[in-house]
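*Asks:* how would this look folded up:
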Amino acid sequence: MRRTISIQPEIFPLSTPFRISRGTKTAAEVVTVRIEQDDVAGRGECVPYPRYGETVDSTIAAIDAVRDALESGIGRDELMRLMPAGAARNAVDCALWDLEARLAGSDVATMIGLKQPIGPIATAMTVGLDTPDRMRVAAAVLADVPLIKVKVDRSDPAAQLRAVRDTAPLPRLIVDPNESWTIDEVRSLQDLLLELNVDLLEQPLPATDDAALAGFVSAIPIAADESVHAAADLAALPDGYGVVNIKLDKAGGLTGALELAQEARRLGLDVMTGCMICSSLSIAPALMIAVDSVFADLDGPLWLAQDREGGVGCVGGVLSAPRRGFWGDN
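*Replies:* Residues are numbered from 1 along each chain as shown. Below is the predicted model of the structure:
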């Protein structure tokens, strides 16, 4: 058995800039992997993330380093041992899942034993960080969706959040400071979060400051994002967290994400599914985790000026699966 491997950097311009506390994106820069065997090909995509020291070039180099092993036919278990969790392994792992399903004439949902079909899933629709007035305008467009995520920083989170909630009083609300708050701000904003009926506070502190959440009882569930990449990270997670945000680019693929989800639930933690700004090729495997998650935050492709053909659909904040044959099935 021999395989051929192709690695392709791609850029997808955004329709509007995406702003968080760490900066602004105007395009999604991804790396796409294609693995062909017996005239059948599987695809995977990853988003190298500078927050974790990843670049497009370093990601391509990491995949190139295991090219010989991939071409000789290694499987996903061997890949977990060869590569660390991260974007590079994600693209390869998802390509192997896609290839395996196509060669078997099956689909990934069946292979992992999902008890329910991948049906419509409500996704968080993001209001990016901006002035309160501009965030109010963005929220008005989303006033009728099921779930909104609000990106804030520490400049004036109260004004930012009130602008969104006043304009969109009905959707469930996730607040995401992207590691920009201090523990004092988390404490002082508890009443506001309750007043605005916020459902989840995501990674308010820098991951390096996690110890401050030990023993902290929040009025709002707190989700770990940057603090958790793979299942092995859960042992060090302080008890102030009650939810884990699983992103395939952090976990190193669907294989690692499934392992992380299983261990999180064993420890009594809830699971949400997130993504980077990406195309639908990243979202298709993430749906395998999202179907059993308490929250899904998978609007990455919705920021693109043009997604991949056949990708996810979205009406009113509810995602529909990609067309058949896009990823993970025939």
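*Asks:* got the domain ranges for this structure?
*Replies:* Using automatic domain parsing, the domain ranges for the chain come out as 4-105, 121-320.
*Asks:* quick one: mean pLDDT for the shortest one?
*Replies:* Translated: domain 4-105. Mean pLDDT, domain 4-105: 96.
*Asks:* deepest-packed of the domains of the chain, please.
*Replies:* When the domains of the chain are scored by mean count of other CB atoms under 10 Å, the highest mean neighbour count falls to domain 121-320 (a mean of 20). Using the backbone N, CA and C atoms, a C-beta is placed for each residue, glycine as well.
*Asks:* measure the residue nearest the centre of the chain to Leu267 for me?
*Replies:* Of all residues in the chain, the one closest to the mean position by CA atoms, centre = their mean is Cys275, 1.9 Å from it. Separation of Cys275 from Leu267 (CB to CB, to the nearest Å): 23 Å.
*Asks:* which residue ranges of this protein form strands?
*Replies:* Shown for the chain, the strands assigned by DSSP state E span residues 4-20, 23-37, 40-46, 121-122, 125-127, 147-151, 172-176, 200-202, 222-224, 243-246, 270-273, 295-296, 313-315, 318-320.
*Asks:* turn those into JSON lines, columns for distance to Ser279.
*Replies:* Shown next, in JSON lines, are these (distance: least, CB to CB, whole Å):
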{"stretch": "strand 4-20", "distance to Ser279": "6"}
{"stretch": "strand 23-37", "distance to Ser279": "6"}
{"stretch": "strand 40-46", "distance to Ser279": "6"}
{"stretch": "strand 121-122", "distance to Ser279": "17"}
{"stretch": "strand 125-127", "distance to Ser279": "16"}
{"stretch": "strand 147-151", "distance to Ser279": "19"}
{"stretch": "strand 172-176", "distance to Ser279": "21"}
{"stretch": "strand 200-202", "distance to Ser279": "23"}
{"stretch": "strand 222-224", "distance to Ser279": "24"}
{"stretch": "strand 243-246", "distance to Ser279": "19"}
{"stretch": "strand 270-273", "distance to Ser279": "16"}
{"stretch": "strand 295-296", "distance to Ser279": "17"}
{"stretch": "strand 313-315", "distance to Ser279": "13"}
{"stretch": "strand 318-320", "distance to Ser279": "14"}
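*Asks:* looking at the ones you listed, which is closest to Glu54?
*Replies:* Glu54 lies closest, by CB to CB, to one member of the strands of the chain: strand 40-46, at 8.7 Å.
*Asks:* can I get the domains of the chain in JSON lines including distance to Asn330?
*Replies:* Formatted as JSON lines, the domains of the chain follow (distance: least, CB to CB, whole Å):
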{"stretch": "domain 4-105", "distance to Asn330": "6"}
{"stretch": "domain 121-320", "distance to Asn330": "13"}
